[in-house]
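S.K.: Here is the input, now give the coordinates:
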Amino acid sequence: MNIITNQSSLAKVAPKYLELLHELQTRVKKDFGADLRAYYLLSSVGRGENLPGVSDMDTVIILRRAPNDEDELWEKAIQEKFEPKYPTLTLLDISCIHDKEFDDPNAERLRFIFKTDSVLVCGEDITASFSSYPPGVQLAKLLNANYRKTLEDVRKDILEPDEEDRNWNARGGQVRRFYAYVWV
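M.R.: Predicted coordinates for the structure are as follows:
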């Protein structure tokens, strides 16, 4: 039986983004200290499939505590500092989550994403205990559970953009191009 494997690796990350990851890793370790459980890179940059002007760099800081308002301010400050240095990225997406989010029985999709499309930058590999998935009906149900709602959300974002969508467009992205790339 074939198992879906993780195609991401630090070896596939472009050198300019490795430099950014190194800078971010240093800041994350320094600023979060003992609260840091792990720091991950997700999606196209980790697979070496990023497209200049289209791709963003998704990173997630997994904390041993619940994120707070100060963490959200920290995320925005980091984005403002580092995004201008890397104009080929559409967005530097850095976010903090509590490690307990992975324990929720409804977080199977989140665990799947981390198991199959992430690179550990530093800290503890939390994915080691996550299930591996063979292709098939069970995986299809997991990935498509919210398909209709997601399509409706995409349609709404395109036809009735909110402030976040307008900010995305102001940063050089396009909602349609973004969703087309993510969902195709």
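S.K.: Okay, now the unreliable bits of this protein?
M.R.: Along the chain, segments meeting pLDDT under 70 span 1-4, 133-148, 165-184.
S.K.: now the helices: where do they sit in it?
M.R.: Here the chain has its helices, by DSSP state H, at 15-32, 44-47, 69-82, 108-116, 137-144, 147-159, 163-170, 175-183.
S.K.: now the longest one, how far from the centre of its chain.
M.R.: Read it as helix 15-32. Centroid separation between helix 15-32 and its chain, computed with Cα atoms, centre = their mean, to the nearest Å, is 15 Å.
S.K.: Give me the buried positions along that helix.
M.R.: Across helix 15-32, burial judged by 16 or more other Cβ atoms under 10 Å covers 17, 20-21, 24-25, 27-28, 32. All C-beta atoms are positioned from the backbone trio N, CA, C, and that covers glycine.
S.K.: try stretch 103-118
M.R.: 108, 111-118.
S.K.: Stretch 77-91 now?
M.R.: Across stretch 77-91, burial judged by 16+ other Cβ under 10 Å covers 78, 82-83, 89-91.
S.K.: Quick one: distance of it to the chain centre.
M.R.: 15 Å.
S.K.: And the residue nearest to Phe82 when sequence neighbours are not counted, how far from His98?
M.R.: Once flanking residues are discounted, Phe82 sits nearest to Leu92: 5.5 Å by Cβ to Cβ, 6 or more residues apart in numbering. Using Cβ to Cβ, to the nearest Å, we find Leu92 at a distance of 21 Å from His98.
S.K.: Between those two, tell me which one has more neighbours.
M.R.: Comparing Leu92 with His98 by neighbour count (other Cβ atoms under 10 Å), the higher total belongs to Leu92, at 21 against 14.
S.K.: Next up, the contacts around the more buried one.
M.R.: When contacts are counted by Cβ atoms under 8 Å, 6 or more residues apart in numbering, Leu92 touches 20, 56-57, 59, 78-79, 82-83, 86.
S.K.: biggest separation within these, which pair?
M.R.: Asp56 and Ile78 (13.9 Å; Cβ to Cβ).
S.K.: Dig out what the residue nearest to the spatial centre of the chain forms beta bridges with.
M.R.: In the chain, the residue lying closest to the centroid (Cα atoms, centre = their mean) is Asp58, at 3.6 Å. Counting by DSSP bridges, Asp58 is bridged to Leu42, Asp93.
S.K.: Hmm, Asp93 and it touching each other?
M.R.: Yes. The criterion here is Cβ atoms under 8 Å, and Asp58 meets it with Asp93 at 4.7 Å.
S.K.: okay, and the common contacts of those two?
M.R.: With the criterion set as Cβ under 8 Å, 6+ apart, the contacts of Asp58 and Asp93 do not overlap.
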